[in-house]
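Asks: let's see this in three dimensions:
(4 chains)
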There are 4 protein chains.
Amino acid sequence: MKIAFFGIGLMGAPMAQNLLKAGHSLTVFDLNPALAEPLVANGAATAATPAEAAAGCAAVVSMLPHDGAVRGLYLGENGLLGKLPRGTLVIDCSTVSAECASEVSKAAHALGLGMIDAPVSGGVAGAAAGTLSFLCGGVADDLERARPLLEAMGKNVMHAGGPGAGAVAKICNNMLLAIHMIGTCEALQLGVDNGLDPKVLSEIMLKSSGRNWSLELYNPYPGVMETAPASREYSGGFQVALMHKDLGLAMQAAQKSQSTTPLGALAKQLYSLQVAQGKAKLDFSSILQLLQHAD
Amino acid sequence: MKIAFFGIGLMGAPMAQNLLKAGHSLTVFDLNPALAEPLVANGAATAATPAEAAAGCAAVVSMLPHDGAVRGLYLGENGLLGKLPRGTLVIDCSTVSAECASEVSKAAHALGLGMIDAPVSGGVAGAAAGTLSFLCGGVADDLERARPLLEAMGKNVMHAGGPGAGAVAKICNNMLLAIHMIGTCEALQLGVDNGLDPKVLSEIMLKSSGRNWSLELYNPYPGVMETAPASREYSGGFQVALMHKDLGLAMQAAQKSQSTTPLGALAKQLYSLQVAQGKAKLDFSSILQLLQHAD
Amino acid sequence: MKIAFFGIGLMGAPMAQNLLKAGHSLTVFDLNPALAEPLVANGAATAATPAEAAAGCAAVVSMLPHDGAVRGLYLGENGLLGKLPRGTLVIDCSTVSAECASEVSKAAHALGLGMIDAPVSGGVAGAAAGTLSFLCGGVADDLERARPLLEAMGKNVMHAGGPGAGAVAKICNNMLLAIHMIGTCEALQLGVDNGLDPKVLSEIMLKSSGRNWSLELYNPYPGVMETAPASREYSGGFQVALMHKDLGLAMQAAQKSQSTTPLGALAKQLYSLQVAQGKAKLDFSSILQLLQHAD
Amino acid sequence: MKIAFFGIGLMGAPMAQNLLKAGHSLTVFDLNPALAEPLVANGAATAATPAEAAAGCAAVVSMLPHDGAVRGLYLGENGLLGKLPRGTLVIDCSTVSAECASEVSKAAHALGLGMIDAPVSGGVAGAAAGTLSFLCGGVADDLERARPLLEAMGKNVMHAGGPGAGAVAKICNNMLLAIHMIGTCEALQLGVDNGLDPKVLSEIMLKSSGRNWSLELYNPYPGVMETAPASREYSGGFQVALMHKDLGLAMQAAQKSQSTTPLGALAKQLYSLQVAQGKAKLDFSSILQLLQHAD
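Replies: As a prediction, the model looks like this:
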């Protein structure tokens, strides 16, 4: 299929590579054209403008950093949506606010386009390995059309509900992730401060009711899990700044729906403190350091 | 083996039944003697005093509600420890403060007794099914002596560390449990308030990084999981009052070790609000109701 | 001076009355025309549309409930700003987001109008008594022109800074108010739960470092201060729903400026819980009830 | 009057000096005897043991750092209480837990002694100037006997209630102080991050409902108030470590009385973070730095 791909940064680039690998014909576009080189080496085309990139494409995929970039690409007088032929399928994989996702979907539908919001879970490693999970919002027909493309880039395609539901599901999931990550740090540090070995305590909690994804796959205590960012000084992984951003989206959604999220709100403040400490670029499991005594 | 068992309430009674079933000879004692009847029907003896119950026993097992009860049984001038022959094995399964566990262990060792603190995870259902997990603190020799008895009552025997370590591990685990339970409630309610189906969102988060024990085995949203307390109006299960007590133990441990536990501290406050609402006896997953709009 | 006044609800009506009393000529407008009657009885005129109300006026004053209402009145193709002659002075007393205040100011200046944002402190009682405080943002010239009108409605005119600064100051102040109100409730209830008389404890803290506006003028404990809402079942006063809204504005401002506000964030969550309890219309000092045991 | 004074550290020493100045005859005792020198130079006697210090004294005053020190001095088999003649008046000015204060009072009364708990407010400066406030618990007769001594050391003598009530009042007051201090920091920083001048915002909030003791007498923003610790790099003043300790006492009291104190609990966590940053010895208004971006 002929596809236009927008946003080829840390996440977008490997996703685009996987579409190429699956045999699709790709035109890529990024505000930083240098990023296109490795993709061009594998057969991708480039374009001078978004409209030129999308010309003749049956589908558009985007992976952009925030609401502003997504709105900037698709909406407005010169927005891309207005230039696509009826029936084109738009897949936005960016993590954006539910509001932004709904707004773009609505505009797309009004123009006779197909649209799903499909933010991902799985990080840079999952993008490279093609094992991402997609949390999708949209009508079933659009999702079925998108499925082959999504399956070329990941292994789980989940339908959260109507337009915007993918964005909501992503926001809820990441708020919960932040909470159990911080909770795991607090529990491990409390144990260590009271004489326990973090590895032993981790094993015990994994077999008990404290079990959670952070403890199982992403242990925040240095040395417990060789492959986790904690064991390489919190480099790589999912940055503090991104988790802080996602918690901002959660608070924005909660504000709009008048939902009460006390731990989510406090988690956001703690990541804000971690950013203020100059640690925005460390992996998000580095929140453990906030709790530890400085030496 | 001849065993004395102290505290035969909701948890202690089925644990004692499993010891009987495994062929041990049991003398039981409780401040409420009426609780002994079903055990006597299965062959247990009773006694008028703790000392009488322990006479001739190779091991003592206790399952009591709080620090005060444990200290009252074992310590002091008339405490049971002083009346046991050297070499007797003491197994305390109560959930108590790390301080209390260490204090009793120290006193036991000083008298030449064996002692492990072995609080449990698994609840009333696990106690009945004999599938409890034991989080044990103590020296390895004592643990090995205790193992056959523990395995008669549960399926996981985990060694957390030296004396008192079982109590610490239990406290850390339950603090983490409270945090991901509340976090799960916040995430599900935020999703529902933004139009998602709680069942669909639960399935998505189970396959994503939000996954945790509460979501997987104890879904707090009514109707999502038939077997969970949430689907029977939060009856049965693990009471709000008990979680509130355990969070109190966590805060006490953190205070002593000067550990920082922001989410744990807020979790305690939220369970305190739930107690203040008159909901101390509901299952702890009822914390969802605190977040929901009253109608 | 000939003035148009928009928004004559609980706050706007007495403010408009004070302008009349000071001898100004007033045309009032509200989406609910019935509200105009008591003002008409005192000499005010009414109008069928905002533009008609503003015709021939040297100044426009508005007191509206939220960002949407302010944007709706002033901005957009049919917005009032575009219909005012150059040099007209616009005074917006609504409590709105800093963003909204800046946006309207910018639009006004671009059209050659004078504009200040001037949210108030002092509540319905202060509006009636003409003792409001105005927290003003804007250039000094505009503020000097506005001063006589503001002084007809209040007693303190404070200059917070440039356009939008009044809104920011109001948001900061009210966040701090929420925090010390909840803190005062916590301290008083903790004292009472430990055997102190709330009146005695209040007197002691007023002479000590716990002193604050809530304790001094707005004691939240029933019976301590006869004139406070707490002593009339939390009726009247400043509603929970409004404080909750203001804390939402604070969180929105903090999100934008990447500021860390842990107590402010938790205060918002606590007012959200109070709203969820069905207590949105009680005075904001009723947050004490959230902390108290239900009987 | 002949008085024994125990604990002549930063607070105790100037308090003892004021008793000397008022003409009382003083014998002082401290575990660090070197501290006695400046007092001896002004006429105080010293002693080798607490009992020797108290011999022949009509009153005993103590100013000690924590529960352990107070219990160690007064209670136990060799405790001072047992060695005092009936009718001796004991005044403990230490900040201790309500439990400790009640326990010592009870023991004193059982021995026919008079006893008041009288923790102070006002800091080292107030101790030197003789302007301390005393928050007293005890029976009225004992308080009247103590009053002349207290008035020699301070200017406010407040009666909080029965035995232990002084300790409770102190704990409540300081929890509220911590809350409005942090709240003041959050409000000022939020204002600054949104373009306001901290001095202007402080003046505005002082005239508005945000007013509180921290803002009025102890502004935490450097440069706003020349005499505040914030303007001398947070040196001097009331240390972070001490506020953290007092918040621990508040949480302990709340735990015992089952009181809900969400902002108090979070305030404790934030001071715990500040301690973890290595800032235990800075003035407690330095909590502002926790919220600010590191450069």
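Asks: so, low pLDDT: which residues of chain A?
Replies: Along chain A, the model assigns pLDDT under 70 to residues A:295.
Asks: for whichever residue of the stretch 1-150 of chain A sits closest to chain B, what are its contacts?
Replies: Residue of the stretch 1-150 of chain A nearest chain B, by C-beta to the nearest C-beta: A:Ser121 (4.5 Å). All C-beta spots, glycine's among them, are computed from the backbone N, C-alpha and C. Taking C-beta atoms under 8 Å, 6 or more residues apart in numbering or on different chains, we find A:Ser121 in contact with A:132-133, A:135, A:170, A:173, B:208-209.
Asks: can you do 10 Å?
Replies: When contacts are counted by C-beta atoms under 10 Å, 6 or more residues apart in numbering or on different chains, A:Ser121 is found next to A:95, A:132-135, A:154, A:156, A:158, A:169-170, A:173-174, A:177, B:204-205, B:207-210.
Asks: swap in A:Val240?
Replies: Here A:Val240 is in contact with A:234, A:271-272, A:274-275, A:277, A:279-287, A:290 (C-beta under 10 Å, 6+ apart).
Asks: now a PyMOL select for only the buried ones of those residues.
Replies: Buried members of these, defined by 16 or more other C-beta atoms under 10 Å in any protein chain shown, are picked up in PyMOL with:
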select buried, chain A and resi 234+271+272+274+275+277+279+282+283+284+285+286+287+290
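Asks: ok, and which of the contacts of A:Val240 reach chain C?
Replies: A:271-272, A:274-275 (C-beta under 10 Å from any C-beta of the partner chain).
Asks: among those residues, which ones are in strands?
Replies: Nothing among these maps onto strands, per DSSP state E.
Asks: wait, is A:Leu26 part of a helix?
Replies: No: assignment of A:Leu26 by DSSP: H, G, I helix; E, B strand; the rest coil gives strand, placing it outside any helix.
Asks: wait, isn't it in contact with A:Phe5?
Replies: Yes: using C-beta atoms under 10 Å, A:Leu26 is in contact with A:Phe5, at 5.6 Å.
Asks: shared neighbours, the two?
Replies: A:16, A:19-20, A:39, A:44, A:53, A:57, A:61.
Asks: could you pull out the helices for the stretch 1-150 of chain A?
Replies: Under the criterion DSSP state H, counting those that start in this stretch, the stretch 1-150 of chain A contains helices at A:12-21, A:37-41, A:50-54, A:67-74, A:98-110, A:123-129, A:140-153.
Asks: any idea which of the shared contacts of A:Leu26 and A:Phe5 has the most stuff around it?
Replies: A:Ala16 (29 neighbours; other C-beta atoms under 10 Å in any protein chain shown).
Asks: who are the contact partners of that residue?
Replies: Here A:Ala16 is in contact with A:3, A:5-8, A:24, A:26, A:28, A:30, A:35-36, A:38-39, A:42, A:44, A:61, A:63, A:127, A:153 (C-beta under 10 Å, 6+ apart).
Asks: which positions in the stretch 151-295 of chain A make contact with chain C?
Replies: A:244, A:247-249, A:251-252, A:254-256, A:258-276.
Asks: among those, which lie within strands?
Replies: The members of these all map outside strands under DSSP E.
Asks: list buried residues within those residues.
Replies: By 16+ other C-beta under 10 Å, those give A:244, A:247-249, A:251-252, A:254-255, A:259-276 as buried.
Asks: near chain D too, which of the residues of the stretch 151-295 of chain A next to chain C?
Replies: Answer for these near chain D (C-beta under 10 Å from any C-beta): A:262, A:266, A:269-270, A:272-273, A:275-276.
Asks: tell me which of those is nearest to chain D?
Replies: A:Ala276 (4.8 Å).
Asks: right, and the closest one touches D:Leu288 too?
Replies: No: counting by C-beta under 10 Å, A:Ala276 stays clear of D:Leu288, with 11.5 Å between them.
Asks: now, the ones next to chain D among the residues of the stretch 151-295 of chain A next to chain C that are in helices?
Replies: A:262, A:266, A:269-270, A:272-273, A:275-276 (DSSP state H).
Asks: what is the nearest of the residues you listed to C:Asn78?
Replies: A:Ser272 (40.2 Å; C-beta to C-beta).
Asks: pretty sure that closest one sits against D:Asp193.
Replies: No: with contact defined as C-beta under 10 Å, A:Ser272 does not count as touching D:Asp193 (11.5 Å).
Asks: distance of A:Pro85 from chain D?
Replies: Distance, A:Pro85 to chain D, using C-beta to the nearest C-beta, to the nearest Å: 45 Å.
Asks: do I have it right that that residue meets A:Gly114?
Replies: No: using C-beta under 10 Å, A:Pro85 is not in contact with A:Gly114; the gap is 11.5 Å.
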